[in-house]
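> predicted model and sequence below, questions to follow.
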Amino acid sequence: MSKNQRQLSKHSISPESLHSDCENCFGLCCVALPFAASADFAKGKEGGSPCPNLQADFRCGIHKDLRKKGFKGCTVYECFGAGQKVSQITFEGNDWLENPQYAKQMFDVFPVMQQLHEMLLYLNEALILKETHSIHKELKSMVGKTEQLTFLSPESLMELDLSGHRADVNVLLLKTSELVRVEWESKNKGAKNSRKTYERGANLFGANLQKANLQGANLRGAYLIAANLKDADLRGADVIGADFRDANLSGANLTGTIFLTQAQINSAKGDANTKLPPVLTRPAHWSTSENKKEQEII
């Protein structure tokens, strides 16, 4: 990306800019973030130290075989476009390898930017929902405020009251959730397949929710690890912060699910019959024989 292109992109945030673009990033997630040796990572490392698989051109040396070589966690992670933003805008294309004086500051700024971009992703989604017409003015204002924060200097980004801003954003996201779920609740009155309801942060670890009617359900922060959601209907459900690791989404309908991210989809299991929102991509590992065997066990 040229300097002129960077300057042009600096003045607006498109939906595409809220998804990772590794070609324009300096491998920040592979350096800045720590991870422990586990089922998701064959080897652990400290934050600020490069992953052993990171090459001098900031590309992964085992990208095509990450899952086979024990780095499943890398295939799940999503920076929401923070990587390219910090690399090309905040630090104006000056990478940490040739400019080591920027390294620590760049690595510290990256997770801050990641959180701001995640908020923007949710806010932009809320704006396009027909149910949120009554709060469009507030949503647009918060999008503008959050966008401005992403263009601050590294020093100013590190001084941000991030938790305070997130709390302000969350007020609008909760209003969005209520507006959407009320609509689905009215649609479900008298439905043959009774609608399941849960409280925020519900523990549904390994739960059997096959063919469950979860339309408009409050699944914010729910633990859906290894849950069986095969053929479940999650249209209108709020899944912000829900943990879908190894959940079986085969045949599930997620077309109207709100605040669903690519990272959540990447961490789950699914198949060709899983219905996804158009803005999300079907993970490549869903079509592998290994994934099919795992689904049969659930």
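That came in fine, so what should we check first? Numbering: from 1, shown residues only.
> pLDDT weak spots in the stretch 151-298 of the chain?
The stretch 151-298 of the chain contains residues with pLDDT under 70 at 190-194, 288-298.
> now do residue 119 against residue 179, distance only.
Using CB to CB, to the nearest Å, one obtains 18 Å as the distance from residue 119 to residue 179. (Glycine included, C-beta is placed from N, CA and C.)
> again with residue 270
For residue 270 relative to residue 179 (CB to CB), the value is 28 Å.
> between these two, which is the more surrounded one?
Using other CB atoms under 10 Å as the criterion, residue 270 and residue 179 rank with residue 270 on top: 26 against 18.
> contacts only, for the closest residue to the more buried one other than its chain neighbours.
Excluding its sequence neighbours, the residue lying closest to residue 270 (CB to CB, 6 or more residues apart in numbering) is residue 249, at 4.2 Å. Residue 249 is in contact with 229-230, 232, 265, 268-270, 274, counting by CB atoms under 8 Å, 6 or more residues apart in numbering.
> and if we set it to 7 Å?
With contacts defined as CB atoms under 7 Å, 6 or more residues apart in numbering, the neighbours of residue 249 are 229, 268-270, 274.
> let's have those residues in CSV, adding distance to residue 100.
CSV is the format used below for the contacts of residue 249 (distance: CB to CB, whole Å):
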residue, distance to residue 100
229, 46
268, 39
269, 41
270, 42
274, 44
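> which one of the residues you listed sits in the busiest neighbourhood?
Greatest neighbour count in the contacts of residue 249, by other CB under 10 Å, goes to residue 229: 30 neighbours.
> my guess is that residue contacts residue 207. True?
No: using CB atoms under 7 Å, residue 229 is not in contact with residue 207; the gap is 8.6 Å.
> export only the CA atoms of stretch 200-217, formatted as PDB.
Output of stretch 200-217 as PDB, limited to C-alpha atoms (Å, rounded to 0.1, in the frame of the first residue of the first chain):
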ATOM      1  CA  ARG A 200     -26.400 -13.900  29.800                       C
ATOM      2  CA  GLY A 201     -23.300 -16.000  30.300                       C
ATOM      3  CA  ALA A 202     -25.300 -19.300  30.300                       C
ATOM      4  CA  ASN A 203     -23.300 -22.400  30.900                       C
ATOM      5  CA  LEU A 204     -24.100 -24.600  27.900                       C
ATOM      6  CA  PHE A 205     -20.900 -26.600  27.800                       C
ATOM      7  CA  GLY A 206     -21.500 -29.700  25.800                       C
ATOM      8  CA  ALA A 207     -25.300 -29.100  25.800                       C
ATOM      9  CA  ASN A 208     -27.500 -31.000  23.400                       C
ATOM     10  CA  LEU A 209     -29.300 -28.300  21.500                       C
ATOM     11  CA  GLN A 210     -29.900 -30.200  18.300                       C
ATOM     12  CA  LYS A 211     -32.700 -28.600  16.300                       C
ATOM     13  CA  ALA A 212     -33.300 -26.200  19.200                       C
ATOM     14  CA  ASN A 213     -35.300 -23.000  18.500                       C
ATOM     15  CA  LEU A 214     -32.900 -20.300  19.600                       C
ATOM     16  CA  GLN A 215     -34.500 -17.500  17.600                       C
ATOM     17  CA  GLY A 216     -33.900 -14.300  19.500                       C
ATOM     18  CA  ALA A 217     -32.200 -16.000  22.400                       C
END
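> so for that stretch, what gets flagged as buried?
Buried positions in stretch 200-217, judged by neighbour count with 16 or more other CB atoms under 10 Å: 202, 204, 207, 209-210, 212-217.
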